[in-house]
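**Q** Predicted model and sequence below, questions to follow.
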Amino acid sequence: MKKLIHPILLFITLILSACSSREKEMDRFVKELMAHMTVEEKIGQLNLPVTGEIVTGQLKSSDVSNRVRAGEVGGLFNLKGTENIRAIQRIAVEESRLGIPLLIGMDVIHGYETVFPIPLGLSCSWDMEAVEIMAEISGIEAGSDGIAWTFSPMVDVSRDPRWGRVSEGAGEDPYLVSQFAKAMVRGYQNAGILPCVKHFALYGAAEGGRDYNTVDMSRGRMYNVYLPPFKAAVEEGAGSFMASFNEIDGVPATANKWLLTDVLRKQWGFEGFVVSDYTGILEMVDHGIGNIEEVSYRALNAGLDMDMVSEAFSSNIKRGLEKGQISPKRLDEACRKILEAKYRLGLFDDPYKFCRRNPETPDSIIYSQAHRKEARRIASESFVLLKNESILPLKKTGTIAVIGPLADTRENMAGTWSVAARLGECRSVLDGIRSATEGKAKVLYAKGSNLVADEQLEQRATTFGRAIPRDGRSDQELLLEAVSIASRADVIVAALGEASEMSGESSSRSDISIPDVQVKLLEELLKCGKPLVLVLFNGRPLTMEKEVALVPALLDVWFGGSESGDAIADVLFGDVNPSGKLTMTFPKNVGQIPIYYSHKNTGRPLGEGQWFQKFRSNYLDVDNDPLFPFGFGLSYTRFEYGSVQLSTNNLSQNESLEASVVLSNTGDYDGKEIVQLYVRDLVGSVTRPVKELKGFQKVFLKAGESTTVSFHLNASELGFYKANGTYFVEPGEFELFIGPSSTTVNSAKFLLN
């Protein structure tokens, strides 16, 4: 054993020495470069203007080119394509005075040209290896096309489905979102591009679920629910953060020194740079905390390093230096952070390193068969089977009617924030079913209805050209055609729900039900008396209690990306056994919002198993239970759990315990089960949630097979944050749960000494 220790120690020493040497070389390089920079050039590094709409053709903006040439720009975004990026980068490195390369960014959210499921759907796979693969492939494709920086991942904890941006995150639980954040950061870093973690912080708690709205909460909730995913991203080595639009303690995040300096840098040790969100500095004028000059000073002094789009730093910081409102040291700190990021990306060694795409063989790296195969596999893992009365899987025989406004619309399959997608090449539900059943079954199609009855609303939900065209027929004509076709089929697949841009940024909804015109279509199809599967498209949990009661089978497919259609067919016909589970609670109606599993008890909790009790915490018109709880998801097979076994019932502060269950596949299909571990602190010095997720495993079992699933839980994982940000592990009694969802009652108790 001793012979092995020395080579290992030597290897670690060499690695640490190399890292230290690189940091010293970077420090020397940046210090020397900054010694030659003018104040204007330093301010220029903090400026991130936009090129306009996504530029895919030849870049012709002389204004942008001239500003780059003058050293007034640190980076650009919304610029796509190797030729465009090479052209503007050449101006930066060959025609500007110091030749500092640009940092080129883009919203690569869940894929580049190969598009994967929206993040909310992706999180429902509970497969962090798949999440990392998705981010790595996205980074490889974007990096090959010139993009060095992605404004992703979004790690906002989201508990209000009215907020459209729940589609961009990983749901309601801080532990799961933290694992998601780390996997995304690793994936992008594996690909060699720079992730930008957003939105720091609390954006997911916007009042009323209305985008950009006010946020107000206690420090305790901040530290225990909304900040952990950001801290996890820092620990994973994320190099950039984006400030959020909302205020915190009355101060917008963009100029909140407590958030950007005290927490992010001093408490967590973050060493990267912070960029504002789009026009975030300018928007502080409307927040009412000063004019553009004043908010510019406040933002830079608070710890913001880069200005996205507002042009506030470029217009005001020099004046602030002259007035003594900004110190030269603070300007140098911000400038250094940007230059260090470029150095670490290798842009000073090779400014064109991210322009590797070969126009003659464009599919060799981007939108390759290998990438599309992974997109199809991962999409099928993200779908959640919410109901199945022995309808699924379908047979590839007979006559299948594929009906609905989302059945044959390739442009909507990618979902929101897929700005580089090849929309016309995405696979629709109809494409997938026809391909899967070719030569075996007859496939009929009808649109059935428009997306919504209100044409104006449909226009509002149309971005990036993803409308569902109205074909001139009335809703009644479309309905009659659909009923006629359905009556000739053996089974109906109804593709209904939201269009892609009904969720995402600036897509909040006060009514999160399926549009009425589609509900009417569904009701008429059910009257045909044929087996029916509702394939649900959505970027958020929806209120659909009536529809769930009516349909015999319901598969939530979110927006699955480029290969949606084939992935959906894989699951519908049983080539893939669905294994996804919800990462966000589905409410029965909007009046229950916010509703989430890890709530706290009140002093007057509703009695167990009770629908309503007077003078208890409940509603007169609906019970407290969700439509579908966090962690819920069905399979084509059945899984049974044995009782929870603990390695010890008395745990010391520096120890860990092992918790295990026997998991059995008692059904007829091979399948995967997501085994979930929850903990409850039964008595605390402050109130604690009724359950908190502390672990999960995705386990594959063949039909009839059993295995023991074990978790190791450290005592250090049982603590919580105090309002000042300190972490505290408190002795006491705990209950540990292991089961298929957050509603599991399969538990055992232990004592933490």
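**A** All right, it came through fine.

**Q** State the number of residues packed around Ser218.
**A** 9 (other CB atoms under 10 Å). Where you see a C-beta, it was placed from the backbone N, CA and C, and this is true even at glycine.

**Q** show me the residues around the nearest residue to it once chain neighbours are set aside that make contact.
**A** Leaving aside its sequence neighbours, Ser218 sits nearest to Ala723 (CB to CB, 6 or more residues apart in numbering; 6.9 Å). Ala723 sits next to 218-220, 223 when contact means CB atoms under 8 Å, 6 or more residues apart in numbering.

**Q** Same list as before, those residues that is, but in CSV and with secondary structure, distance to Thr743 and pLDDT included.
**A** Putting the contacts of Ala723 into CSV (DSSP: H, G, I helix; E, B strand; the rest coil; distance: CB to CB, whole Å; pLDDT from 0 to 100) gives the following:
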residue, secondary structure, distance to Thr743, pLDDT
Ser218, coil, 27, 97
Arg219, helix, 30, 97
Gly220, helix, 26, 96
Tyr223, helix, 27, 98
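
**Q** how about low-confidence regions in the stretch 101-250 of the chain?
**A** The stretch 101-250 of the chain contains no residues with pLDDT under 70.

**Q** so where do the strands sit in it?
**A** For the stretch 101-250 of the chain, the strands defined by DSSP state E, counting those that start in this stretch occupy 103-106, 149-150, 194-200, 240-243, 247-248.

**Q** Which among the ones you listed is found nearest to Ile366?
**A** Checking the strands of the stretch 101-250 of the chain against Ile366 by CB to CB gives strand 103-106 as the closest, at 13.4 Å.

**Q** ok, back up a step: just put the strands of the stretch 101-250 of the chain in a markdown table and tack on mean neighbour count and distance to Arg473.
**A** What follows is those, written out as a markdown table (neighbours: other CB atoms under 10 Å; distance: least, CB to CB, whole Å):
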| stretch | mean neighbour count | distance to Arg473 |
| --- | --- | --- |
| strand 103-106 | 26 | 39 |
| strand 149-150 | 26 | 42 |
| strand 194-200 | 26 | 42 |
| strand 240-243 | 26 | 45 |
| strand 247-248 | 20 | 48 |
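
**Q** among those, which is nearest Ala567?
**A** Per CB to CB, nearest to Ala567 of those: strand 149-150, 23.6 Å.

**Q** Helices of the stretch 201-350 of the chain, start to end?
**A** Secondary structure of the stretch 201-350 of the chain (DSSP state H, counting those that start in this stretch): helices located at 219-221, 228-235, 257, 280-287, 292-302, 312-323, 328-344.

**Q** what sits against Lys318?
**A** So Lys318 contacts 39-40, 43 (CB under 8 Å, 6+ apart).

**Q** Looking at the residues you listed, which one is closest to Ser158?
**A** Ile43 (35.8 Å).

**Q** Please name the spatially closest residue to that closest one (chain neighbours excluded).
**A** Using CB to CB, 6+ apart, the nearest residue to Ile43 is Ile317, at 5.0 Å.

**Q** From Ser643, how far out is the one you found?
**A** Here Ile317 is placed at a distance of 64 Å from Ser643 (CB to CB, to the nearest Å).

**Q** Which of the two has more residues huddled nearby?
**A** Ile317 (27 against 11).

**Q** before we move on, back to that, for PyMOL, what selects the buried ones among the contacts of Ala723?
**A** PyMOL command restricting these to the buried ones, with burial defined by 16 or more other CB atoms under 10 Å:
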select buried, resi 219+220+223
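
**Q** Kindly reformat the contacts of Ala723 as CSV containing distance to Gln613.
**A** Converted to CSV, those look like this (distance: CB to CB, whole Å):
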residue, distance to Gln613
Ser218, 28
Arg219, 33
Gly220, 29
Tyr223, 33
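
**Q** about what we covered before: would you turn the helices of the stretch 201-350 of the chain into a markdown table with distance to Val548?
**A** Shown next, in a markdown table, are these (distance: least, CB to CB, whole Å):
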| stretch | distance to Val548 |
| --- | --- |
| helix 219-221 | 31 |
| helix 228-235 | 30 |
| helix 257 | 48 |
| helix 280-287 | 40 |
| helix 292-302 | 47 |
| helix 312-323 | 49 |
| helix 328-344 | 48 |
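
**Q** Compare those helices and give me the one nearest Glu25.
**A** Of all the helices of the stretch 201-350 of the chain, helix 328-344 comes closest under CB to CB, at 8.8 Å.

**Q** Where does pLDDT dip in the stretch 401-550 of the chain?
**A** For the stretch 401-550 of the chain (pLDDT under 70), the answer is 454-468.

**Q** Show me where it has its helices.
**A** Ranges of helices within the stretch 401-550 of the chain are 429-437, 455-460, 475-487, 516-526, 545-550, based on DSSP H, counting those that start in this stretch.

**Q** Of these, flag the one that's most buried.
**A** Mean neighbour count (mean count of other CB atoms under 10 Å) peaks for helix 429-437 among the helices of the stretch 401-550 of the chain, with a mean of 22.

**Q** hang on, the earlier thing: mind checking the helices of the stretch 201-350 of the chain for the one nearest to Asp490?
**A** Asp490 sits nearest to helix 228-235 of all these, at 46.4 Å, using CB to CB.

**Q** roughly how far out does the closest one sit from the chain middle?
**A** 14 Å (CA atoms, centre = their mean, to the nearest Å).

**Q** can I get the CA coordinates of that helix in PDB?
**A** What follows is helix 228-235, C-alpha atoms only, in PDB (Å, rounded to 0.1, in the frame of the first residue of the first chain):
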ATOM      1  CA  PRO A 228     -28.500  26.600  -2.500                       C
ATOM      2  CA  PRO A 229     -28.500  25.900  -6.200                       C
ATOM      3  CA  PHE A 230     -26.300  29.000  -6.800                       C
ATOM      4  CA  LYS A 231     -23.900  28.000  -4.100                       C
ATOM      5  CA  ALA A 232     -23.700  24.500  -5.700                       C
ATOM      6  CA  ALA A 233     -22.800  26.100  -9.000                       C
ATOM      7  CA  VAL A 234     -20.000  28.100  -7.400                       C
ATOM      8  CA  GLU A 235     -18.700  24.900  -5.800                       C
END
